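Novice: pasting a predicted model and its sequence here:
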Amino acid sequence: MSHGKQFTLFTHIGGPNGWKAAFVLAELGLTYESVYLDFGKGEQKAPEHTKYNPNGRIPTLVDHKNGDFAIWESGAIITYLAEKYDPEGKISVKGEKDKIAQLQWLFFQASGQGPYFGQAVWFKKYHPEQLPSVIERYQKETVRVLGVLEAVLSKQEWLVGGKPTVADISFIPWNNFAVDVILTDFPEFNFEKDFPATFKWHTALSSRPAIKDVWGQRDALLK
């Protein structure tokens with residue numbers, strides 16, 4: 001493995017979770033090389049990857065300047081980067097209560113947003129049999145999660161600490177999928193109208209230079 005850059009990020013072009021880690025790396029100005037695994041060839045399950053990540057999924061981050069320390073699960077990766085490489089709190093919080101609140105949102109994203117939005121995409125686009133009731137269930141869960149965010153963001157600009165942090169950033173990729181894939185045919189869904197505070201928040205986050213640059217790389221790879 002080349003160690004020209006500090007980190008190697010094992011990821012997938014179409015997988016939202018890898019882009020969460022890339023966003024944080026870019027925001028912190030950390031150098032990394034992305035290795036895009038081919039799921040069709042089972043590369044995520046190959047020994048070259050599972051030696052770092054026994055779960056055989058993405059993302060996996062290897063920190064070459066910390067003894068090739070390997071971290072998997074996107075929430076753990078983001079927490080590691082915030083703890084070790086953001087001492088000034090550029091995109092993270094440092095107070096005891098705020099750190100727990102930040103972790104709370106990372107857990108909610110990983111357990112409440114990602115799995116439900118992921119199932120929605122799977123049953124809408126990839127499942128061999130169309131199951132309308134199942135699709136509807138996960139679409140409604142997507143709307144519910146957006147409602148949780150709206151309830152908080154209608155009262156405050158950011159999720160924790162009064163500033164954009166890794167907690168906010170972690171929601172971006174799956175929210176993009178909600179708008180672009182999951183809810184395209186959901187009755188009368190209008191992101192800006194139905195969830196105005198969340199829409200404003202998401203738009204502000206997506207406009208950040210590092211986020212725009214990384215997501216632009218994704219768009220270029222998908223062409």
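Specialist: Thanks, I have the structure now.
Novice: show me the longest helix that occurs in this structure.
Specialist: Taking DSSP state H as the assignment, the helix of the chain that covers the most residues is helix 132-153.
Novice: to the chain's geometric centre, what's the distance from it?
Specialist: Between the mean C-alpha location of helix 132-153 and the chain-wide mean there is a distance of 17 Å, by CA atoms, centre = their mean, to the nearest Å.
Novice: now the helix or strand just after it: average pLDDT?
Specialist: Using DSSP states H and E, the helix or strand that directly follows helix 132-153 along the chain is helix 166-169. When the per-residue pLDDT values of helix 166-169 are averaged, the result is 98.
Novice: next up, the contacts around the residue nearest the centre of the chain.
Specialist: When the chain is reduced to its mean C-alpha position, the closest residue under CA atoms, centre = their mean turns out to be K20, at 3.4 Å. Taking CB atoms under 8 Å, 6 or more residues apart in numbering as the definition of contact, the neighbours of K20 are P59, S74, I78, I169, S170, I172, P173. In this view, the C-beta of every residue, glycine as well, is placed from N, C-alpha and C.
Novice: try it again at 6 Å.
Specialist: Applying CB atoms under 6 Å, 6 or more residues apart in numbering to K20 gives the contacts S74, S170, P173.
Novice: buried residues, the longest helix of the chain. List them.
Specialist: Neighbour counts over helix 132-153 (16 or more other CB atoms under 10 Å) mark V134, I135, Y138, Q139, E141, T142, V143, V145, L146, L149, E150, L153 as buried.
Novice: which residues touch it?
Specialist: 112-113, 116-117, 119-120, 123-124, 178, 182, 186, 195, 197-198, 201.
Novice: in helices, which of these appear?
Specialist: Judged by DSSP H, helices contain the following of the contacts of helix 132-153: Y116, F117, Q119, A120, A197, T198, W201.
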